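Participant: 3D, please:
(one chain, ligands or ions: 1)
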Amino acid sequence: MSSPPVADFISREARFGARNYEPLGVVLSRGEGVFVWDTQGNRYLDCLSAYSAVDQGHCHPKILAAMVEQAGRLTLTSRAFHNDQLAPFYEEIAELTGSHKVLPMNSGAEAVESAIKSVRKWGYEVKGVPDGQAEIIVCANNFHGRTLGIVGFSTDAATREHFGPFAPGFKIIPFGDLAALEDAITPNTVAFLVEPIQGEAGVIIPPAGYFTGVRELCTAHDVMLILDEIQTGLGRTGKLLAEQHEGIEADVTLLGKALSGGFYPVSAVLSNNEVLGTLKPGQHGSTFGGNPLACAVARAALRVLVEEGMIENAAVQGERFLKGLRSIRANTVRDVRGRGLMLAVELNTEAGRARRYCEALQTEGILAKDTHEHTIHFAPPLVITSDQVDWALERIAATLTQDFA
Ligand SMILES: *Cc1c(COP(=O)(O)O)cnc(C)c1O
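Facilitator: Reported below is the predicted structural model:
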């Protein structure tokens, strides 16, 4: 049976759907490991991994088995009752990450919103900030999600424009600038919310030592350090958490995306007793948060990440990928950045939009995503092999040296 032409899917989407995305012209229908296939049967190496949500590879058989088994037993109870998957999920994620308390949510943005609510409450009830005065410091070019609360402190015009009015209480400082953080802190500052590496901004890695300094400043001023590890966490950068590259510990850690291996939206706020302990019954919640299906899927997703050595593999293959990208001699390339398997190639402005390079890569069998006009983001599943990295590098090199004129 032949499937309808690609253009048919795309035009129907355009006709009925809100046009809030601009996808590449490929219609996917199957995935396995690092590969996806389109409706015509063409195979692609997935170098986006759904923005790091399918780090364990597409349709990982053990996560699939856990999901199917749980789906046939019990899917949702709401938190009005206990379920037998929540306690083991709490225990396992707390042990793995060294956290004391866990708040389960669904999307990444919900984890961010939940953290904001929790640290404000902590600020009023523990730190003693006057009610309604809590300040949270964030960074320019941040990406923390799409809810109203979050886009209000974005510095990206398209993200904010005509969505206001926005909630007050946020101060924006440059990323990677310790002096700016020190200047911005006041007695009413309750938290500093930051990505360890700015992902959507184009894989921006702060100067070495930045987070050591951030940790010291936050401790000195009794400010909660919230690390948004929704993209960097769970092995993407070659460590379980990106904070480990600088040997620091956040007060609040946000996880999402790969927490379910791409099967289901699962996110979590991880913290100590002091912050999450301020939340009392009736003060926060989510119908689907902590449901048995989510917990079973997340438990399996965490288990395979560790048992199958994916974090170590991300470190090894990430280094190979980065070295390979750096050795590409093309005058289209302005900068190459990366840590673990979170990588980016920034093009010269004369090279034109990154989008057309992504379209060219698609014809070579690689799916990657442009970000911010001139940058190509590479983030394959953490199960990628050396041969697959080399295969990708050959095609990326050919594409970047191609003459589009
Ligand atoms: C993707 C992402 C989010 C938002 O997650 P959603 O599940 O899309 O709401 C938040 N922070 C970072 C760093 C992200 O990469």
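Participant: Count the neighbours of residue 131 for me.
Facilitator: Per other C-beta atoms under 10 Å, the neighbour tally for residue 131 reads 9. Every C-beta, even on glycine, is put in place using the N, C-alpha and C of the backbone.
Participant: Could you do residue 255 as well?
Facilitator: The burial count for residue 255: 29, using other C-beta under 10 Å.
Participant: again with the one 4 residues further on
Facilitator: Using other C-beta under 10 Å as the criterion, residue 259 is surrounded by 27 other residues.
Participant: can you check residue 396 too?
Facilitator: Using other C-beta under 10 Å: residue 396 sits among 25 other residues.
Participant: what about the closest residue to residue 225 other than its chain neighbours, neighbour count?
Facilitator: Nearest residue to residue 225, sequence neighbours excluded (C-beta to C-beta, 6 or more residues apart in numbering): residue 218, at 4.3 Å. Applying other C-beta under 10 Å, we find 22 residues neighbouring residue 218.
Participant: name the element residue 218 belongs to?
Facilitator: Element membership of residue 218 [criterion: DSSP states H and E] is helix 210-220.
Participant: Please work out the angle formed by the directions of the helix or strand just after that helix and helix 210-220.
Facilitator: Note on helix 210-220: by DSSP H and E, the next helix or strand toward the C-terminus is strand 224-228. Relative orientation of strand 224-228 and helix 210-220, computed by axes from the mean of the first three to the mean of the last three C-alpha atoms, to 10 degrees: 150 degrees.
Participant: elements contacting strand 224-228?
Facilitator: The contact analysis (3 or more C-beta pairs under 8 Å, 6 or more residues apart in numbering; DSSP states H and E) places strand 224-228 against helix 108-122, strand 189-194, helix 210-220, strand 252-255.
Participant: Of all these, which one comes closest to the ligand?
Facilitator: helix 108-122 (2.2 Å; C-beta to the nearest ligand atom).
Participant: what about this protein, any weak spots by pLDDT?
Facilitator: 1-2, 403-405 (pLDDT under 70).
Participant: mind listing what the spatially most central residue of the chain touches?
Facilitator: Centroid-nearest residue in the chain: residue 231, 2.0 Å away (criterion: C-alpha atoms, centre = their mean). Contacts for residue 231 (C-beta atoms under 8 Å, 6 or more residues apart in numbering) come out as 51, 52, 195, 197, 199, 200, 257, 342.
Participant: at 10 Å instead, please
Facilitator: 51-53, 55, 108, 143, 195-200, 203, 237, 242, 254-258, 342, 379 (C-beta atoms under 10 Å, 6 or more residues apart in numbering).
Participant: Among those residues, which are located in strands?
Facilitator: Residues of these located in strands (DSSP state E): 254, 255, 342.
Participant: Out of these, the closest to residue 11 would be?
Facilitator: Within these, the smallest distance to residue 11 is 34.2 Å, found for residue 342 (C-beta to C-beta).
Participant: The closest one and residue 393, how far apart?
Facilitator: In this structure, residue 342 and residue 393 are 16 Å apart, going by C-beta to C-beta, to the nearest Å.
Participant: again with residue 36
Facilitator: Taken as C-beta to C-beta, the span from residue 36 to residue 393 is 19 Å.
Participant: More neighbours: which of those two?
Facilitator: Of the pair residue 36 and residue 393, residue 36 is the one with more neighbours under other C-beta under 10 Å, namely 22 against 18.
Participant: bridging residues for the more buried one?
Facilitator: Going by DSSP bridges, residue 36 is paired in beta bridges with residue 31, residue 44.
Participant: ok, it touching residue 30?
Facilitator: Yes - Residue 36 is in contact with residue 30 according to C-beta atoms under 10 Å; the separation is 6.8 Å.
Participant: Any chance you could list residues touching both of those two?
Facilitator: Common neighbours of residue 36 and residue 30 (C-beta under 10 Å, 6+ apart) are 43, 58, 59.
Participant: Which residue, other than its chain neighbours, is closest to the second one?
Facilitator: Spelled out, it's residue 58. residue 31 (3.0 Å).
Participant: tally of neighbours for that neighbour?
Facilitator: Residue neighbour count, defined by other C-beta under 10 Å, stands at 18 for residue 31.
Participant: packing partners for the helix or strand hosting residue 393?
Facilitator: Under the criterion of DSSP H and E, residue 393 resides in helix 386-400. Under the contact criterion of 3 or more C-beta pairs under 10 Å, 6 or more residues apart in numbering; DSSP states H and E, helix 386-400 touches strand 43-46, helix 310-326, strand 342-347, helix 354-363, strand 366-367, strand 375-378.
Participant: Parallel or antiparallel, list what pairs with the third one.
Facilitator: Just to be clear, that refers to strand 342-347. Checking strand 342-347 against DSSP bridges gives partners strand 333-339 (antiparallel), strand 375-378 (antiparallel).
Participant: so how far is it from its chain's centroid?
Facilitator: From the chain centre to the centre of strand 342-347 is a distance of 16 Å (C-alpha atoms, centre = their mean, to the nearest Å).
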